[in-house]
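Enquirer: Build me a model:
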Amino acid sequence: MDARAALARLIADARRVAVFTGAGISTESGVPDFRSPGGVWSRMKPIYFQEFVASEEKRREAWARTFKGSAGWTGAKPNAGHYAVARLVNDGKVAAVITQNVDNLHQDSGVSPDKVIEVHGNASYAKCLECGLRHEFAELKPAFLERDEIPACRACGGIVKSATISFGQAMPEREMARAEEEARACDLFLVLGSSLVVYPAAGLPILAKRSGAALAIINREATEQDPLADLVLHDEIGPTLAAVVGANDGAAA
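Expert: Below is the predicted model:
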């Protein structure tokens with residue numbers, strides 16, 4: 001049995017699948033990753049959470065990057081891998097999509113937002129650090145670009161920040177708790193495009209495996225968790241999943 005056929009069998013036999021996605025699924029849509037040569041952090045120094053909170057200058061720099069789209073995290077379109085995942089969700093096979101990505105592409109591909117667990121946040125909107133109120137970039141952009149006003153919460157006046165999780169910022173407790181719950185509950189944990197080096201999120205496949213789930217990894221490069229997996233494919237995610245699931249680019253159902 002070849003690797004794609006083996007993956008199809010694992011998915012068919014599973015009752016509850018948890019999908020875990022990293023940068024590799026989105027690089028196929030042209031979204032840059034963080035750490036590789038030419039990635040986001042090779043082009044600009046990250047602004048740590050503590051710097052953002054403490055320094056008006058750093059907040060201004062961060063918002064300038066956001067409104068220029070310097071990181072390249074938003075504006076891309078879902079690819080065949082995203083649509084294949086969406087089909088599995090909509091068919092009832094996948095209970096949740098746990099993602100390290102901040103690009104909103106799973107939602108854009110047709111996955112209901114309540115099925116997406118974003119452990120590193122979302123780059124398509126902002127939140128108040130004090131009261132948690134959501135702010136849309138379209139509402140904040142004119143005042144910043146035209147009057148150089150750093151965004152503040154319209155409700156409480158608190159500091160507003162892109163809804164991504166920055167270096168030094170605490171992981172979102174609710175999302176991590178949900179992700180751990182899904183890892184324990186699934187019988188197949190499917191890793192798509194993650195190098196599995198960023199913890200605590202990278203501990204989720206190990207938790208799933210210890211809880212009795214099968215573990216499958218699709219990633220172009222080898223990971224430290226490959227020896228733990230029941231199946232490993234070093235291949236492109238979009239073509240592989242499209243072949244396995246039967247979902248074509250642009251159609252999730």
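Enquirer: give the contact list for the closest residue in space to residue 224 that isn't next to it in sequence.
Expert: Distances taken as CB to CB, 6 or more residues apart in numbering put residue 196 closest to residue 224, at 6.2 Å, once the chain neighbours are dropped. In this view, the C-beta of every residue, glycine as well, is placed from N, C-alpha and C. In this structure, residue 196 makes contact with 22, 202, 205, 217, 219, 223-225, judged by CB atoms under 8 Å, 6 or more residues apart in numbering.
Enquirer: Between these, which sits nearest residue 114?
Expert: Nearest to residue 114 out of the contacts of residue 196 is residue 22 (CB to CB; 21.2 Å).
Enquirer: can you count the residues close to the closest one?
Expert: When neighbours are defined as other CB atoms under 10 Å, residue 22 has 27 of them.
Enquirer: And residue 221, by the same measure?
Expert: Residue 221: 10 surrounding residues under other CB under 10 Å.
Enquirer: roughly how far apart are it and residue 84?
Expert: Distance from residue 221 to residue 84, counting by CB to CB, to the nearest Å: 21 Å.
Enquirer: What of residue 107?
Expert: The gap separating residue 107 from residue 84 is 15 Å, by CB to CB.
Enquirer: Among the two, which residue is more densely surrounded?
Expert: More crowded of residue 107 and residue 84, by other CB under 10 Å: residue 84, with 30 against 20.
Enquirer: Can you tell me the closest non-neighbouring residue to the more buried one?
Expert: Nearest non-adjacent residue to residue 84 (CB to CB, 6+ apart): residue 241, at 3.6 Å.
Enquirer: you'd agree the one you found is up against residue 80?
Expert: Yes. Counting by CB atoms under 8 Å, residue 241 touches residue 80, with 6.8 Å between them.
Enquirer: More neighbours: the two, which one.
Expert: Taking other CB under 10 Å, residue 241 and residue 80 do not tie; residue 241 has more neighbours (30 against 25).
Enquirer: okay, that one: pLDDT?
Expert: We note a pLDDT of 96 for residue 241 in this prediction.
Enquirer: In three-state terms, label the residue nearest to residue 84 for me.
Expert: Reduced to three states with DSSP: H, G, I helix; E, B strand; the rest coil, the structure at residue 241 is helix.
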